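Q: mind folding the following:
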Amino acid sequence: MTDHNNWPQQLSAEELAEWRRRFAEANRNNVFCHCRQCHEEWVASGKTACHHCGSNHVEAIACWQFPDG
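A: Residues are numbered from 1 along each chain as shown. Just a heads-up that it's a prediction; the model follows:
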């Protein structure tokens with residue numbers, strides 16, 4: 001297996017850096033977290049341990065992935 005692909009380059013290095021910056025900005029304070037242990041739910045800036053029971057068994061979903069309405 002090779003370490004590279006033969007797909008055409010879609011973004012320049014600068015465009016990719018900008019896309020990553022905007023992606024990080026979209027996630028800031030917009031990550032829905034669900035504790036699989038105690039079922040607590042909260043919104044944070046990233047996957048964090050549950051503030052209710054301390055469990056690290058947390059599901060994290062970026063809020064921008066949910067449709068509006």
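
Q: separation between the most centrally placed residue in the chain and S12?
A: With distances taken as Cα atoms, centre = their mean, A62 lies nearest the centre of the chain, 4.7 Å away. Distance, A62 to S12, by Cβ to Cβ, to the nearest Å: 25 Å. Placement of C-beta: from N, CA and C, glycine included.

Q: cool, and C38?
A: Distance from C38 to S12, by Cβ to Cβ: 46 Å.

Q: which SSE is the closest residue to W64 other than its chain neighbours in?
A: What sits nearest to W64 in space, not counting adjacent residues and going by Cβ to Cβ, 6 or more residues apart in numbering, is A26, at 4.9 Å. Element membership for A26, per DSSP states H and E: helix 13-27.

Q: list the buried ones in that helix?
A: Judged by neighbour count using 16 or more other Cβ atoms under 10 Å, the buried positions of helix 13-27 are N27.

Q: can you check stretch 56-69 too?
A: Buried residues in stretch 56-69, counted by 16+ other Cβ under 10 Å: V58.

Q: now that stretch: average pLDDT?
A: When pLDDT is averaged along stretch 56-69, the result is 82.

Q: so what touches that stretch?
A: Contacts to stretch 56-69, defined as Cβ atoms under 8 Å, 6 or more residues apart in numbering, come from residues 26-27, 30-37, 43-44, 46-50.

Q: need the buried ones from these selected in ChimeraX.
A: Only the buried members of the contacts of stretch 56-69 enter the following ChimeraX selection, criterion being 16+ other Cβ under 10 Å:
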select :27,30,31,33,35,44,50
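
Q: quick one: pLDDT of the closest residue to C53 other than its chain neighbours?
A: Once flanking residues are discounted, C53 sits nearest to C38: 4.3 Å by Cβ to Cβ, 6+ apart. C38 carries a pLDDT value of 98.
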